[in-house]
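>>> I would like to see how this sequence folds:
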Amino acid sequence: MRFYLDEDLSPRIAEPARAQGVDAVSSHECGRDGMEDERQLRLAAAEGRCFVTRNRDHFVLLTVRFFEASLPHAGLLIVSASLRPGRVAAIAAALAGYDRQHPDGMHAYTIDFLRPTRADERE
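This next block holds a predicted model:
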């Protein structure tokens, strides 16, 4: 599975995720910060990357719009509130776990939630 991390997530998440075998890039390292959300989603889809964000409401609406217009889409993964912003390692581990649980990736227009791994829940 391939992931595109929104600019609302720490730029430090992609590197430890990649160290765990996850194909992840962030808007920060792609030089796309400040770009319009719809364009970010289009670029992620063009690269076959599931879009990962905390911005649930806005991207759910965009996903519905993409579906209605039959625009390319590679899935939306919402980072749950239980994965606090400063927990970079926990978010990277959750991405790695999600990746392992979904070896065939996500279907277009699918919306799911990224939750902590079991080890993180005990912290």
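>>> what about the strands in this protein?
Along the chain, the segments classed as strands by DSSP state E run 2-5, 23-26, 50-53, 76-79, 111-114.
>>> okay, those strands, which one's buried deepest?
Ranked by mean neighbour count under mean count of other CB atoms under 10 Å, the strands of the chain are led by strand 50-53, which reaches a mean of 27. Placement of C-beta: from N, CA and C, glycine included.
>>> how far is it from where the chain is centred?
Here the centre of strand 50-53 is set off from its chain's centre by 2 Å, with CA atoms, centre = their mean, to the nearest Å.
>>> cool, and stretch 28-44?
12 Å.
>>> and stretch 61-71, by the same measure?
On CA atoms, centre = their mean, the centre of stretch 61-71 falls 17 Å from the chain's centre.
>>> check the gap between the residue nearest to the spatial centre of the chain and Leu95 for me.
The chain has Val52 as the residue nearest its centroid, 1.6 Å off, counting by CA atoms, centre = their mean. Counting by CB to CB, to the nearest Å, the gap from Val52 to Leu95 is 7 Å.
>>> about what we covered before: beta partners of the residue nearest to the centre of the chain?
Applying DSSP bridges to Val52 gives these bridge partners: Leu5, Leu77.
>>> any idea how far it is from Ile78?
As judged by CB to CB, Val52 and Ile78 stand 8 Å apart.
>>> mutual contacts of these two, please.
Leu114 (CB atoms under 8 Å, 6 or more residues apart in numbering).
>>> quick revisit: adding mean pLDDT, write the strands of the chain out as JSON lines.
Supplementary listing: the strands of the chain in JSON lines, determined by pLDDT from 0 to 100:
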{"stretch": "strand 2-5", "mean pLDDT": "97"}
{"stretch": "strand 23-26", "mean pLDDT": "96"}
{"stretch": "strand 50-53", "mean pLDDT": "97"}
{"stretch": "strand 76-79", "mean pLDDT": "97"}
{"stretch": "strand 111-114", "mean pLDDT": "96"}
